[in-house]
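# Okay, here's the prediction I keep looking at, along with the sequence it came from:
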Amino acid sequence: MNDDSLAQGAYADLEARILDRDQIGASTVVYDLLAAGSSVTEILSETVRVHAPYTHMPYHQRIDGGMFRFVNNDHCLLSASATLRLRRFIPEAYRALPLAQTVWYVPTGLDPWNQLLGKMPGHYARRGPRSAQGDEKFPAPECHWPDEEPLYLELEFQEGLNEWLTLVQQGEVQRAYRVFLGLFDEVEHRDELLAQLVFAGLIDVQDRMLWNTSYTTGHKAFRARATVELGRAIGWDRARHVIYAGVPDLAVGPHWHSAYEMACQVAMYELEDEPPASRKEPTRQSRRDAELFANAAPLTAPETESLIEAITKAPEPAYIEQITRLLKAGRAPQRILDAIQIAAARVILETAQPDNFSMPQHGYEYTNTLRWFYETFEHPHRVKLLYVAGSFIHQCAHWARNMPGHGRAIVTVPDGADALSRDAILHRLEAAMVALDREQSVAWTRAYLEAGYERRPLIEALAFGAAKHGNDPHNQEIGLCLLEDYQHVKSEDADTLLLACANHTAGHRKYGDSLEAYRRLASALGLEAERASAGEGDPIEALRDDIEIVPVEESERATSS
């Protein structure tokens, strides 16, 4: 039997294990594939192929008994994309860890809609064993949106882009997907289509947050980005299953476009040299967005701090006015985004309760995705998205201020840290992150920074700390986003991103034994790993993801136990 036949047999076994929700069995197959020389990209591709039909949902929201219930977007695809990026920061011996975390998670991520309804075991239901025992069989996951054939419109390409985005807005899932496939076949326009795909996600962001249970949290943008990154890594001629996994959900409701509508109105009436005389005038074609995107001037330190204050502390419309003034003064959109990211990192640093990291972390990931969008595509409406990012982080700051138990702690460098070597400080930081000691993780990061050591070893330690904790690898992606942006932000306060990374990794909610996948991989490879469980007790029963609010005293009990 040749190597291809062996690999095909292994991938068939992987598919069976995933569909049986057998985390241990699926992981074992992957360890064997790695030992046989299969590439990480190939394994990710096959993993996406398996889960693609079963990670869509008919809608993201239900009203049962008069009350909202919500399930967020799939994390399986996001985890696969994060694997490609995170593994570059991981020590070589553990370079397979992000992949191992992804494969550990995927069996628990199938059919989130029926998990919401209590009909399916898995991550969103926070219940069910890690693998079937004996003759026990889990119910089959449901495919809510089948794959489709392309639909070719008799329209010019730009008109086709508008038609696709309109279908997305209207929630015409199947027709939108078919139109996308038809447009995708116009290879010479593919980058324009992919830019529109990500743009459709970036404009779909809720316009309020506090006490809501239903929002997009930027997930559609993250899913679109994952589609692009995985498709390019695998090769588009072999990545139809990636398109199927990522594209249909852009049209699944509900949709929130109010923040982007605000941005459009500001652009029309505040940024244009000649605003329209009436809102009833036809929409003009304008190059103003492109002109402003070409701005090159940096922000001064006072301008940066003023924008951060407007986003995190002042009521609306202060941040809108600040962004407008900066753009009119010739400040570069990328440097304005730097300041928004510093603001987002400060909000993470002010988050203390494990259950309340969700919105600050997603807000930060949105800004990271926007930076990637700026670096990856040309699009006629890029500058407007600064206002959406400002709105998102403004809401996150409002959320954090009004959730109990938050506020930026005064974290000082541990006594005696100045007498320690670089590696000794990193060792203490790694131990604090494994132990979920949030304040000590920040303290040892601060000690390293104040000692003036080279940043790269610290970045690697923070990345490895994020990668160790599993059961929802999308949470690892937040630490990755902060580390990626640290290398781009041009600000005297850039170290804030590293401190926020430590705070998030140690502080956000973990489910069960968050080190299990890490320890299993280390055992399979004959490597050392921390043996103590870093989970927070038994998995928490919850019917929605990322949004559970726990009273302060209950959260403190969970942490102390």
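Thanks, I have the structure now. Computed from a prediction, not measured in an experiment: that's the story for all the values here.
# Correct me if wrong: L370 contacts F392.
No: applying Cβ atoms under 8 Å as the test, L370 and F392 come out as separate, 9.5 Å apart. Just so you know, the C-beta spots here come from the backbone N, C-alpha and C atoms, and that holds for glycine as well.
# Who has more neighbours out of the two?
F392 (28 against 25; other Cβ atoms under 10 Å).
# Now do the same for that one: helix, strand or coil?
Here F392 is helix, with the state taken from DSSP: H, G, I helix; E, B strand; the rest coil.
# measure stretch 92-101 end to end?
One end of stretch 92-101 sits 16 Å from the other (Cα to Cα, to the nearest Å).
# Which residues belonging to it are considered buried?
Y94, R95, A96, L97, P98, L99, A100, Q101 (16 or more other Cβ atoms under 10 Å).
# of these, closest to L429?
Nearest to L429 out of these is Y94 (Cβ to Cβ; 16.5 Å).
# And the closest one, how close does it get to S358?
27 Å (Cβ to Cβ, to the nearest Å).
# circling back: anything in contact with each of L370 and F392?
Listed contacts common to L370 and F392 are nil; contacts here mean Cβ atoms under 8 Å, 6 or more residues apart in numbering.
# contacting residues for G109?
Here G109 is in contact with H51, T55, D74, H75, C76, G122, H123, Y124 (Cβ under 8 Å, 6+ apart).
# Can you list phi and psi of the closest residue to it other than its chain neighbours for me?
Closest residue to G109 apart from its sequence neighbours, by Cβ to Cβ, 6 or more residues apart in numbering: C76 at 4.5 Å. Listed backbone geometry of C76 is phi -60, psi -50, with angles given as degrees, to the nearest 10.
# ok, C76 - contacts?
T47, V48, H51, T55, T102, Y105, V106, G109, A245.
# how does it look with 7 Å?
Shown in contact with C76 (Cβ atoms under 7 Å, 6 or more residues apart in numbering): H51, T55, Y105, V106, G109.
# Can I get those in JSON lines including secondary structure?
As requested, the contacts of C76 are exported to JSON lines (three-state DSSP):
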{"residue": "H51", "secondary structure": "helix"}
{"residue": "T55", "secondary structure": "coil"}
{"residue": "Y105", "secondary structure": "helix"}
{"residue": "V106", "secondary structure": "helix"}
{"residue": "G109", "secondary structure": "coil"}
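# which one of these has the most neighbours?
Result: V106 is most packed of these (other Cβ under 10 Å), 30 neighbours.
# My read is that that residue contacts T47, right?
Yes: counting by Cβ atoms under 7 Å, V106 touches T47, with 6.0 Å between them.
# Contacts only, for P91.
Applying Cβ under 7 Å, 6+ apart, the residues contacting P91 are E460, F464.
# Just confirm P380 contacts R288, I think it does.
No: in this structure, P380 is not within contact of R288 by Cβ under 7 Å, at 9.9 Å.
# and G330, how many neighbours?
Neighbours of G330 under the rule other Cβ under 10 Å: 11.
# from now on call the first residue 33
Sure thing, new numbering starts at 33, so read that last one as G362.
# was I right about it contacting A326?
No: counting by Cβ under 7 Å, G362 does not reach A326; the two are 9.7 Å apart.
# A483 and G497, how far apart?
18 Å.
# More neighbours: which of those two?
Taking neighbours as other Cβ under 10 Å, A483 and G497 compare with G497 leading, 23 against 14.
# in what helix or strand does that one lie?
helix 487-500 (DSSP states H and E).
# For the following helix or strand past that helix, what is the distance to the chain centroid?
Next along the chain after helix 487-500, taking DSSP H and E as the criterion, comes helix 505-518. Centroid separation for helix 505-518 versus its chain: 8 Å, with Cα atoms, centre = their mean, to the nearest Å.
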